[in-house]
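Peer 1: just coords:
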């Protein structure tokens, strides 16, 4: 092989080899942990450079990457910041992120990133695939209740409200049923939390007990040993006309008040000008 061809082969091998060596792997991909407890997110990396840094990011609902904590390659002390701490094992090419005292707002996707500084250009960040963390609320003494709201004008329209459950796995029996994903209901005045879900249908045969999968709720047992049964309540709903009239009156009074303030400001400005 001629010298030029040998040089090109060496350059290509070096480029491909270095590209294959730079990897970041995160486990597990999905994890659920109870509120108030701690969670450990694993990350392993591989790199051919000697100078590097390791970062952890949290992705916000709008897609923004929020920086949490980082670790130097040369540091023998593990980084710590508020509820975040890392366990860096250089010999094992791994770094673990521990989040203590989990809160509901910690539910997000977390990314591990390898930072390779490059002279004269921006640092090269290599991200892992991410770990989706779901924080489950700590629900005390749930009392599940199922409400079916029907319109007085049309018996074909019904809305089902399932409240105060401790199970996230509230699925819909009928695939044609419209509904929302279980949502955490936080009642600050009562200092309690629970799950709730909504389903709706537009047929007269639509029934709330057939909409949700309630097998985990009917035989729900409290720590005291008592059995909690799901209640099925039907009631009509309609708009309160008196409440609407009061709201409109308040809006009108606010408009009059704003006009009065604007008029007074205008007159004051004219007096100052003169």
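Peer 2: Done, it's in. These figures come from a predicted structure and were not determined experimentally. Numbers count the residues shown, from 1 in each chain.

Peer 1: looking at stretch 158-167 now, give me its mean pLDDT.
Peer 2: Mean pLDDT, stretch 158-167: 75.

Peer 1: can I see the domain layout of this structure?
Peer 2: Per the record, the chain has its domains at 22-136, 145-236, by automatic domain parsing.

Peer 1: if you average pLDDT over each of those, which is lowest?
Peer 2: domain 145-236 - the lowest mean pLDDT of those, at a mean of 62.

Peer 1: longest helix anywhere in this protein?
Peer 2: helix 241-273 (DSSP state H).

Peer 1: count of neighbours near residue 254?
Peer 2: Per other Cβ atoms under 10 Å, the neighbour tally for residue 254 reads 10. (Each C-beta comes from the backbone N, C-alpha and C, glycine too.)

Peer 1: hey, where'd the helices end up in this structure?
Peer 2: With DSSP H as the criterion, the chain has helices at 3-21, 208-211, 215-218, 241-273.

Peer 1: let's test this: mean pLDDT of the first one, rounded?
Peer 2: Read it as helix 3-21. For helix 3-21, the per-residue pLDDT averages 43.

Peer 1: ok, residue 74 - how many residues close by?
Peer 2: With other Cβ under 10 Å as criterion, residue 74 counts 10.

Peer 1: next up, phi/psi of it, please.
Peer 2: Dihedral pair for residue 74: phi -100, psi -10, per degrees, to the nearest 10.

Peer 1: quick one, what contacts the nearest residue to residue 117 once chain neighbours are set aside?
Peer 2: Take residue 117 and drop its neighbours on the chain: the residue closest to it by Cβ to Cβ, 6 or more residues apart in numbering is residue 123, 5.1 Å away. By Cβ atoms under 8 Å, 6 or more residues apart in numbering, the residues touching residue 123 are 115, 116, 117.

Peer 1: measure residue 123 to residue 59 for me?
Peer 2: 19 Å (Cβ to Cβ, to the nearest Å).

Peer 1: swap in residue 91?
Peer 2: Where residue 59 is concerned, residue 91 sits at a distance of 30 Å (Cβ to Cβ).

Peer 1: for these two, indicate the residue with more neighbours.
Peer 2: Counted by other Cβ under 10 Å, residue 91 and residue 59 do not tie: residue 59 has more neighbours, with 15 against 5.

Peer 1: show me what the closest residue to that one other than its chain neighbours is bridged to.
Peer 2: Ranked by Cβ to Cβ, 6+ apart and with sequence neighbours excluded, the top spatial neighbour of residue 59 is residue 109, at 4.5 Å. Per DSSP bridges, the residues bridged to residue 109 are residue 59, residue 132.

Peer 1: from what I can see residue 109 touches residue 130, true?
Peer 2: Yes. At 4.6 Å, residue 109 and residue 130 qualify as touching, with contact defined as Cβ atoms under 8 Å.

Peer 1: list residues touching both of those two?
Peer 2: residue 59.

Peer 1: show me the contacts for residue 86.
Peer 2: 54, 56, 69, 71, 78, 79, 80, 95, 96, 97, 98.

Peer 1: sorry, that was for residue 36
Peer 2: Counted by Cβ under 8 Å, 6+ apart, residue 36 has contacts 101, 102, 138.
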